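Enquirer: below is the sequence, then the predicted model.
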Amino acid sequence: MTRNPVFREGIQIYIIEGHGFVVYVSVLLILAPIEFVTLFLPSLDPQIWMGPANLFKVSSVAALILIVYFGLRVANQEFVPWRFVSLKRWLHQERVTASEVAQGQISLLCLQALIFVLLCSPLLIWAGAIARTAASSILFTLLLLFFYPLTYGLWGLVAVALWEHRMENRQVFIRCLFVSLVLLSALLYLPLNPVAFLLYYLERREMVPLVLGGWKWPAPATHFLFHFFLLASGLLVYWRTLNKREVYL
C-alpha cells in the first residue's frame, strides 16, 4: 500500500507535514475537558455525585460524536484542501487508475479512523477503570469507534468524488448527511442511532426488536445491517462516480 501514490500523498500531508495534528489535538482538547467535568463537577454536591459511574458512558458518547464528525471532515478533505492533487490529475495526467485511487483513499480513511481510536484509547481506558467497566465493554466500544467513522466517512469520499471543486457543496452535504442520519435513525427506530445503541449496550438495557412485515428483527442485528447497508451503498456510489470520472474527464 505504501506504493500507492494517493495513500502516500495523504501520509505526506497529514503525518509528515503535520496538518493532521490540528485535527487530532482538537479531538483530545474537547474530549479531555468533557471527562474532567463529568468526573469532578458533580462532586460539588456529594449526595448526587454520579461522575465516576457515568464517566465511561459520557466519554464514549463524546468520543463517538467527535470521531465521526472529524472523520467525515478529514475524508471530505476540508483541512488544507489545496494540498491534495485533483482526481482529474490523478486519473488522466498521472495515469492512476480509479481502483488505485479508491484503494489509496479508503486505506487513508482506515488509517485516520485507527489514529483517532488510538488517541482516544488512553482516556477511554482510564475512564473505564474509574467507572469499573468490564474490559469486554471497553474493547467493544473501541471497535465501534473504529467502525462508525469508516461507515460515515466513506460518504465524505463520495462528496469529494461528486463535487471536488465545490467545497461549499461538500461541506453542506456531509453536515446534512450526518445530522439527518442521526435524527432520522432516532425518530424511526432508536437502536439504529449509534449514540443510543452504544448507551443501550453500556447500560445493559434491553433493546426492543424491530417488527417489520410480521417478523421480529433483533435490535443489534438491525443496527449493524443498517450500517452495513450504509457502508455498502456509499462504497457503490463512490466506486461508480470514480469510474465515470475516469472515463469522461
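Expert: Nice, I can see it.
Enquirer: please make it C-alpha for all contacts and neighbour counts, starting now.
Expert: Will do.
Enquirer: show me where this protein has helices.
Expert: 5-11, 21-40, 51-75, 87-88, 98-130, 135-162, 167-188, 194-202, 219-248 (DSSP state H).
Enquirer: and of those, who's closest to Leu212?
Expert: helix 219-248 (10.8 Å; CA to CA).
Enquirer: show the average pLDDT along the closest one.
Expert: Averaging pLDDT along helix 219-248 yields 87.
Enquirer: and the angle from that helix to helix 167-188?
Expert: 160 degrees (axes from the mean of the first three to the mean of the last three CA atoms, to 10 degrees).
Enquirer: report the buried residues of helix 219-248.
Expert: If you call a residue buried by 16 or more other CA atoms under 10 Å, then helix 219-248 has these buried ones: 219-220, 222-223, 227, 230-231, 234-235, 237-239, 241-242, 245-246.
Enquirer: closest one of those residues to Gln93?
Expert: Glu246 (11.1 Å).
Enquirer: and the contacts of stretch 55-69?
Expert: Contact partners of stretch 55-69, identified using CA atoms under 8 Å, 6 or more residues apart in numbering, comprise 27, 31, 34-35, 38-39, 113, 116-117, 120, 124, 127-128, 130-131, 133, 141, 145, 148-149, 152-153, 178, 195, 198-199, 202.
Enquirer: cutoff 6 Å now
Expert: Residues outside stretch 55-69 that contact it (CA atoms under 6 Å, 6 or more residues apart in numbering) are Glu35, Ala127, Gly128, Leu145, Pro149.
Enquirer: count the neighbours of the residue nearest to Asn54 when sequence neighbours are not counted for me.
Expert: Distances taken as CA to CA, 6 or more residues apart in numbering place Ala131 nearest to Asn54, at 6.8 Å, with adjacent residues excluded. Residues near Ala131, counting by other CA atoms under 10 Å, number 18.
Enquirer: and the helix-or-strand element of the chain with minimal mean pLDDT, what other elements does it pack with?
Expert: Lowest by mean pLDDT, DSSP states H and E among the helices and strands of the chain is strand 210-212, with a mean of 78. Applying 3 or more CA pairs under 6 Å, 6 or more residues apart in numbering; DSSP states H and E, we find strand 210-212 packed against no helix or strand.
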